[in-house]
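In: task: produce atomic coordinates for the following.
(chains A and B)
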Amino acid sequence: MKRILPFIIILAVLGVALGSAWYMTRSASPPAVPATPTASAQTNNQPAQLPPAVAGVPGADPPYTLGSPNAPARLEEFGDYQCPPCGMFHPILQQMHKEFGDKLQITFREFPLTPTHQHALEAASAAEAAGLQGKFWQLHDVLYEHQKDWSDKFDVRPIFEGYAKDLGLDMERYKRDVESEQVAQRIFLDGKRGHSMGVKGTPTVFLNDREVPFASLPADSLRVLIQQQINNAGNR
Amino acid sequence: MKLYFTAAVVSLLGLADAIYLTVEHVTGQSVRCTIVAGCSEVLSSQYAVMAGVPLALIGAAAYFGVFSLSTLAAFGYRIAGTLLTVLVVLMFLFSLWLIYLQAFVIHAFCQFCLLSAAITTALTVIVLIRVILARKPG
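Out: Got it, this is the predicted structure:
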């Protein structure tokens, strides 16, 4: 008996290890295919089932949107300009906008994760200040595209001002707006909406008010989900 | 023998840690930035995967190996003790490499990765004590 006892113990531990791994995988979000939003080589043709819609308190009004307000698919992203996965998700969303055009409305909500990301709030303020001059999406794109250039810098203010200047913004006004109550209030309201909808991290994406599992954010999975929403609307 | 039992218990902690990291990786949880835990630059980096296999999964297999070998050694299988020493030393060297990557390449640390390095260090100390004791005459 003593000779086989260690093998029994080892097998028991193996069983517990595999069982707990299986249980944890199941109770986490739906089994996902790629681990990163950019890894789109694998495709899960079985679209994830979206959870029920959640109603949140209103965010900043008017929100910044792309696409038609009457689009059958409404996608809302809560993002942080300094968060690397949000940076990876940015080109995916641009791709979706290009592919679906007016059938997809994209809304961006500010959700800066302070203090984890020391420059996130400043970046959100910069984008919102540009928004007051009608250039929200332009600065939004620049911030994500150059995320790596400013994320680890000590002082980002001159960098953001450089971006604003390149976009041809009225710099006097931009500098005033960045620190304005109006901009701070917009960011606060977006955050409040996020919290009311259960947002805990970024990027968190809702499709017609239903949270898209993080694992479904790669282009291939997201495309299927968006198409599904458009088809559903067409059948109604 | 007691040292082998200790190593087996410590390796279980490592196994739990590595399973947690593997599940986080596979479900994509580790890639999102969260309010509480911050961002996992480490787990979403290219170094988190080796030849398509999540590093955490390799870690889980290694800790399971340590557990199996130390259990066998505790029950008197001598060869298991030797293999255990080799495996733990390799894991220790690999952990040093991972800490180097976190400190100087990724410029970010991940708590559960550091916990794993600490556990491997503890295992290294245990097997080294075992080797020294075994060399002592008498």
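
In: buried residues in stretch A:84-95?
Out: For stretch A:84-95, the neighbour count (16 or more other Cβ atoms under 10 Å in any protein chain shown) marks A:84-90, A:92-94 as buried. C-beta: built from backbone N, CA, C; applies to glycine.

In: and which of the residues you listed is nearest residue A:116?
Out: residue A:84 (11.7 Å; Cβ to Cβ).

In: that closest one touches residue B:33, doesn't it?
Out: Yes - contact criterion Cβ atoms under 8 Å: residue A:84 and residue B:33 qualify, at 7.5 Å.

In: hmm, the helix or strand of chain B with the lowest mean pLDDT touching chain A?
Out: Ranked by mean pLDDT, DSSP states H and E, the weakest helix or strand in chain B is strand B:33-34, scoring a mean of 74. Yes - judged by Cβ under 8 Å from any Cβ of the partner chain, strand B:33-34 and chain A are in contact via B:33-34.

In: from the contact counts, what lies against that strand?
Out: helix A:84-100, strand A:201-202 (3 or more Cβ pairs under 8 Å, 6 or more residues apart in numbering or on different chains; DSSP states H and E).

In: in chain A, which segments are predicted with low confidence?
Out: A:1, A:28-48, A:236 (pLDDT under 70).

In: quick test: name the residue nearest the centre of it.
Out: Residue closest to the average C-alpha location in chain A (Cα atoms, centre = their mean): residue A:203, at 2.5 Å.

In: what does it show for phi and psi?
Out: Residue A:203 adopts backbone torsions of phi -80, psi 140, taken as degrees, to the nearest 10.

In: got the contact list for it?
Out: A:77-80, A:83, A:85-86, A:89, A:217, B:32 (Cβ atoms under 8 Å, 6 or more residues apart in numbering or on different chains).

In: tell me where chain A has helices.
Out: A:5-27, A:84-100, A:120-131, A:136-145, A:147-150, A:157-166, A:171-178, A:181-196, A:219-235 (DSSP state H).

In: the buried residues of stretch A:84-95: which ones sit near chain B?
Out: A:84-86.

In: for those residues, which one is nearest residue B:57?
Out: Using Cβ to Cβ, these come closest to residue B:57 at residue A:85, 20.8 Å.

In: from residue A:66, how far out is residue A:53?
Out: 21 Å (Cβ to Cβ, to the nearest Å).

In: neighbour count for these two, which is higher?
Out: Neighbours were counted for residue A:53 and for residue A:66 using other Cβ atoms under 10 Å in any protein chain shown; residue A:66 has more, 19 against 12.

In: run through the residues that contact that one.
Out: Residue A:66 touches A:97, A:105-106, A:137, counting by Cβ under 8 Å, 6+ apart.

In: make a markdown table from these and add neighbour count and distance to chain B to it.
Out: Converted to a markdown table, the contacts of residue A:66 look like this (neighbours: other Cβ atoms under 10 Å in any protein chain shown; distance: Cβ to the nearest Cβ, whole Å):
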| residue | neighbour count | distance to chain B |
| --- | --- | --- |
| A:97 | 16 | 22 |
| A:105 | 21 | 23 |
| A:106 | 21 | 19 |
| A:137 | 18 | 22 |
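
In: which two in those are spaced the farthest apart?
Out: The widest separation within the contacts of residue A:66 (Cβ to Cβ) is 13.3 Å, between A:105 and A:137.

In: ok, how many other residues are close to residue 18?
Out: Chain wasn't specified; assuming chain A. 12.

In: that's the wrong chain, I meant chain B
Out: So residue B:18, with other Cβ under 10 Å, has 28 neighbours.

In: quick one: buried residues of the helix or strand hosting it?
Out: Applying DSSP states H and E as the criterion places residue B:18 in helix B:2-27. The neighbour-count check on helix B:2-27 (16+ other Cβ under 10 Å) flags B:3-4, B:6-8, B:10-27 as buried.
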